[in-house]
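Q: Dropping a prediction and its sequence here:
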Amino acid sequence: MKNPTAAFYNFFSFLYPVVDLVLKPQKKILFEEVNRLPEGTLLEIGVGNGSHLSLYQKHKITAIDTSAAMLNIAREKKSPGIALIEMSGESLLFEDSTFDYVVLSHVIAVVNDADQLFLEIYRILKPQGKILILNHFTPDNWLRHVDRALEPVAKSLQFKSFFRIGDIQAITKFRIVKDVDVGMASYFKLFIYQKE
């Protein structure tokens, strides 16, 4: 069965640069954290159009996406040494304990099964490996009403507007290391988790 998220992003790829402009300030904070980490092997799940690939300053990078159209654009921008592969994060084709780090930038609210995604991440991370998660998370303030109201529109755009990290049961397999607000009203956050 065709992945509806991949189909949507194949169609949407030509408009994605507009989304990039909105996400750029948040990604800057994410990459400051990524580039502080000791050098290692890093998997980015949901690389999209790859507009940010030049921000990686070290690490051996493998980046995946389910959208062939997005990956074609990313291939035009990639730096030497970065491997780009069409693959689903919910069914990773890597050996156990392969990566030191996993990056998820605005991905977990668009995957079909976030719990399966995190079970796969747990499997392919090395012991003490870290996940860096940048995403919107519905806060307990007035924005929760906006997220609820947007659910029908969001569903048609293949993402979840009302979304909380606690909705993911498999996240309990990891220990939280850092929690950073990266947007106003605590709407966007950067979480860093570690595999024990």
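A: Happy to help now that I have it. Residues are numbered from 1 along each chain as shown.
Q: Now stretch 50-67: buried residues?
A: The neighbour-count criterion (16 or more other CB atoms under 10 Å) identifies 50-53, 56, 59, 61-67 as the buried residues of stretch 50-67. Backbone N, C-alpha and C define where each C-beta goes, glycine included.
Q: where exactly do the helices run in this structure?
A: Using DSSP state H, the helices found in the chain span residues 4-12, 16-36, 68-77, 114-124, 143-149, 151-156.
Q: average pLDDT across the second one?
A: Helix 16-36 comes out with an average pLDDT of 76.
Q: And for the fifth one?
A: Helix 143-149 shows a mean pLDDT of 71 in the predicted model.
Q: thinking residue 128 is in contact with residue 177, fair?
A: No - checked against CB atoms under 8 Å, the pair residue 128 and residue 177 is beyond contact range at 10.4 Å.
Q: Spit out the contact partners of residue 111.
A: Each residue near residue 111 by CB atoms under 8 Å, 6 or more residues apart in numbering is listed here: 5, 46, 89-90, 117.
Q: filter these to the buried ones?
A: Neighbour counting over the contacts of residue 111 (16+ other CB under 10 Å) leaves 5, 46, 89-90, 117 as the buried ones.
Q: For residue 90, which non-adjacent residue is spatially closest?
A: Sequence neighbours aside, residue 116 is the residue nearest to residue 90 in space, at 4.5 Å (criterion: CB to CB, 6 or more residues apart in numbering).
Q: Run through the protein and note the low-pLDDT ranges.
A: Along the chain, the model assigns pLDDT under 70 to residues 1-24, 78, 145, 147, 150, 152-163, 184-186.
Q: For the longest strand seen in it, buried residues please.
A: For the chain, the strand that runs over the most residues, judged by DSSP state E, is strand 125-136. With burial defined by 16+ other CB under 10 Å, the residues of strand 125-136 counted as buried are 125, 129-136.
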